[in-house]
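Undergrad: Return atomic coordinates for the entry below.
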Amino acid sequence: MIRKILIKNLILIDYAEVEFSPHLNIITGESGSGKSALLSALGLVLGRKATAEIIRKEADMAWAEAFFTLPEGSEAEKLLQEEGLAFSPSSTLSIRREISRSGKTRCFIGEELTNAAFLRLLGAKLMQMADQNSHTDLSSESYQRNLLDLFAQIKHQLLSFKASFEEEKKVRSLLHNLIEEEGKKAREREKIEMSLQEIAAAKLQEGEEESLSQEHHLLAHAQEIQEKIQTIHSGLQDNPHPILAKLARFTSMLKPLAPIHPRFAESYELVKNAHLELDEAARLLLLSKGQFDVQPARMQAIEERLQVVESLKKKYGENYEKIVETRRSLEKIQQAHEKEGEERELLQTRLLSLESANNALCREIHTQRRSSAKDFQEKISTELMALNLSQSRFQIELQPLPRTSHGEDGVAFLFSANANEALQQASASASGGELSRLMLAIQSVLAANGDAPTLIFDEIDANVGGKTASMIGEKLQQLGKYRQIICVTHFVQVAKCADLHILVQKGEKEGRVSTTVTVLDKTAQSQEFNRMVGITS
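TA: From the prediction side, this is the model:
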């Protein structure tokens with residue numbers, strides 16, 4: 001609700017300050033007095049287009065500043081919060097718009113600089129203006145849909161559907177990205193699986209390579225080893241003059257000398273021990289002889305196994321420990337891929353559930369819109385009859401559209417002000433006065449719902465008679481009990497219904513033409529009524 005507006009150097013207004021009633025505010029004045037300047041000021045704070053032509057002559061800049069109170073939880077408050085502009089419902093919201101002679105404008109919300117585009121968004125949440133040069137919000141399909149939804153009282157269903165629809169989009173996007181990523185990782189998964197299979201099939205054991213290398217070395221020298229064993233063993237035992245036989249004889253010869261002298265005793269022990277050790281060596285060589293036979297098949301098997309080990313080392317690590325480490329890393333990646341598969345299944349299940357729920361919600365919303373549209377249409381048509389638009393026709397059409405967060409219905413308000421005119425989009429088929437009365441009819445039907453913003457009507461009573469003007473005044477007064485109304489009128493029947501009467505007058509001040517804006521008391525109001533009906537004092 002707008003509380004007050006300050007205007008400076010706008011058209012013919014030098015300076016004006018107006019405080020509004022929260023109910024029905026009526027603006028009157030002679031034609032050309034400057035009522036348009038007051039409406040232009042309201043349009044400025046709504047973010048409408050502004051040009052330097054509206055600046056008062058001899059001034060460099062014009063501005064308008066309006067002060068609003070917002071109910072807690074209003075759409076305007078939510079928009080401010082989304083924009084990051086701090087606002088408390090207990091405080092006053094100020095909007096200031098400046099335009100310089102160069103045509104540049106500046107917009108402020110409180111102390112924060114903003115832009116006209118955001119001001120238009122915010123202004124639409126604060127006030128709706130229906131004037132001779134405006135198509136109003138009735139040109140917006142979304143606004144028409146919102147009006148029908150307000151009448152149908154499906155706010156909670158729409159909020160539930162919007163949240164569920166956004167969740168469906170989010171899940172669908174996550175699933176799409178996951179499937180796309182899985183597609184990119186398909187070759188990686190296949191490669192990991194083949195690598196793990198290769199490592200597992202090899203059955204590599206710790207220390208196996210060292211053991212095989214040692215055995216391979218021995219088998220590679222088997223012939224040489226056999227020959228050396230044979231030569232040594234033969235020299236110890238088998239040739240015509242074996243060493244062991246000689247040592248046995250030497251031991252026998254030294255044994256009787258051992259008691260004679262310590263040196264003989266020591267020599268005896270050394271030769272005897274040498275005989276015993278060489279005899280043991282000969283025995284061990286004899287035992288080893290069969291273990292180092294030439295084995296071509298075993299040699300080939302070892303070489304093939306070592307090739308397997310070498311291949312694993314080249315691919316997965318320089319030794320057994322590195323290969324095991326690589327295997328564990330690959331297993332972790334594989335487990336992560338398996339979890340992604342589980343996540344995909346969960347997302348697919350969640351998506352199916354959301355799709356089913358949203359399909360049901362869409363059907364429910366469509367059914368309620370369709371059933372409400374006929375009743376809404378009939379009530380508005382009845383209101384139009386009482387506003388001297390008895391030949392008018394109003395129709396609401398629902399058209400199927402691709403699903404959005406608002407459902408699957410396109411809503412169109414079709415209107416014809418005269419019997420011989422075809423139905424068209426409401427904003428394209430009516431004059432400013434007719435459009436204002438259509439807006440009044442709509443808001444009269446919706447008044448009890450209490451969700452309409454401040455409404456501004458410019459000459460809503462254009463081209464009507466006195467009786468109809470009285471009915472318009474009564475409807476405006478009734479609507480003013482629910483919402484704030486600002487209305488420009490030339491009819492005293494309408495003006496008499498005002499909770500606050502504002503007079504716009506043009507006169508001369510210090511040799512310059514100037515417009516003044518005055519809030520009338522009862523006496524001044526009576527005088528204005530007389531002027532409006534042509535009574536001069």
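Undergrad: List the contacts of Gly29.
TA: 35, 503-506 (Cβ atoms under 8 Å, 6 or more residues apart in numbering). Using the backbone N, CA and C atoms, a C-beta is placed for each residue, glycine as well.
Undergrad: Can you tell me the closest non-neighbouring residue to Ala412?
TA: What sits nearest to Ala412 in space, not counting adjacent residues and going by Cβ to Cβ, 6 or more residues apart in numbering, is Glu397, at 4.6 Å.
Undergrad: Any figure for the gap between that neighbour and Gln153?
TA: Applying Cβ to Cβ, to the nearest Å, the value for Glu397 to Gln153 is 21 Å.
Undergrad: With Glu364 instead?
TA: Counting by Cβ to Cβ, the gap from Glu364 to Gln153 is 13 Å.
Undergrad: neighbour-wise, which of these two wins?
TA: Neighbour count, other Cβ atoms under 10 Å: between Glu364 and Gln153, Glu364 has more, with 15 against 11.
Undergrad: doesn't the more buried one fall inside a helix?
TA: Yes. Assessed with DSSP: H, G, I helix; E, B strand; the rest coil, Glu364 lies in a helix.
Undergrad: And the pLDDT at the nearest residue to it once chain neighbours are set aside?
TA: Nearest residue to Glu364, sequence neighbours excluded (Cβ to Cβ, 6+ apart): Gln157, at 6.4 Å. As predicted, Gln157 sits at a pLDDT of 94.
Undergrad: cool, Met471 as well?
TA: Per the predicted model, pLDDT is 86 at Met471.
Undergrad: Quickly note the distance from it to Arg483.
TA: 19 Å.
Undergrad: do the same with Leu286
TA: 119 Å.
Undergrad: More neighbours: the two, which one.
TA: Using other Cβ under 10 Å as the criterion, Leu286 and Arg483 rank with Arg483 on top: 20 against 13.
Undergrad: what's the strand or helix carrying Leu352 packed up against?
TA: Leu352 belongs to helix 320-385 when assigned by DSSP states H and E. When contacts are defined as 3 or more Cβ pairs under 8 Å, 6 or more residues apart in numbering; DSSP states H and E, helix 320-385 packs onto helix 141-152, helix 155-202, helix 296-316, strand 393-404, strand 407-416, helix 432-446.
Undergrad: between the fourth one and helix 320-385, what angle do the directions make?
TA: Going back to what we said before, that points to strand 393-404. Using axes from the mean of the first three to the mean of the last three Cα atoms, to 10 degrees, the direction of strand 393-404 lies 180 degrees away from that of helix 320-385.
Undergrad: what does the fifth one give?
TA: Our comparison of strand 407-416 with helix 320-385, counting by the same axes, to 10 degrees, yields an angle of 20 degrees.
Undergrad: Likewise for the second one?
TA: Comparing the axes of helix 155-202 and helix 320-385 via the same axes, to 10 degrees yields an angle of 160 degrees.
Undergrad: Also the first one?
TA: Relative orientation of helix 141-152 versus helix 320-385 (the same axes, to 10 degrees): 70 degrees.
Undergrad: How about Arg3, nearest residue that isn't a chain neighbour?
TA: The nearest residue in space to Arg3 (Cβ to Cβ, 6+ apart) is Phe67, at 4.8 Å.
Undergrad: pLDDT wise, what is that neighbour at?
TA: On pLDDT, Phe67 comes in at 94.
Undergrad: neighbours around it, how many?
TA: Using other Cβ under 10 Å: Phe67 sits among 18 other residues.
Undergrad: ok, now which ones touch it?
TA: 2-5, 92-94.
Undergrad: in the least confident helix or strand in the chain by mean pLDDT, what's buried?
TA: One helix or strand of the chain scores below all others by mean pLDDT, DSSP states H and E: helix 222-233, with a mean of 73. Neighbour-count burial for helix 222-233 flags 222, 225-226, 229, 233 (criterion: 16 or more other Cβ atoms under 10 Å).
Undergrad: Show me the two of the residues you listed that sit farthest apart.
TA: Taking Cβ to Cβ, the two most distant members of the buried residues of helix 222-233 are Ala222 and His233; they sit 15.9 Å apart.
Undergrad: Confirm that the residue nearest to Arg3 sits in a helix.
TA: No. Counting by three-state DSSP, Phe67 is not part of a helix but strand.
Undergrad: Where does the closest residue to Gly34 other than its chain neighbours sit: helix, strand or coil?
TA: Among residues not flanking Gly34 along the chain, Thr515 sits closest, at 3.2 Å (Cβ to Cβ, 6+ apart). Here Thr515 is recorded as strand under three-state DSSP.
Undergrad: Would you agree Thr515 is in contact with Glu508?
TA: No. Between Thr515 and Glu508 there is no contact, the gap being 11.0 Å when judged by Cβ atoms under 8 Å.
Undergrad: Name the residue in those two with the higher neighbour count.
TA: Under the criterion of other Cβ under 10 Å, the comparison of Thr515 against Glu508 puts Thr515 first, with 25 against 8.
Undergrad: dump the residue contacts of the more buried one.
TA: 11-14, 16, 33-34, 37, 504-506.
Undergrad: Report the separation between it and Met439.
TA: 26 Å.
Undergrad: quick one on the thing from earlier: list the helices and strands the least confident helix or strand of the chain packs on?
TA: Using 3+ Cβ pairs under 8 Å, 6+ apart, helix 222-233 sits against helix 262-289.
Undergrad: And the helix it packs on, what's buried?
TA: By 16+ other Cβ under 10 Å, the buried positions in helix 262-289 come out as 268, 271-272, 275, 278-279, 282, 285.
Undergrad: Excluding chain neighbours, what is closest to Glu325?
TA: Using Cβ to Cβ, 6+ apart, the closest residue to Glu325 is Gly317 (6.5 Å).
Undergrad: wouldn't the one you found be in contact with Ser329 here?
TA: No. Gly317 lies out of contact with Ser329 (Cβ under 8 Å); the separation is 10.2 Å.
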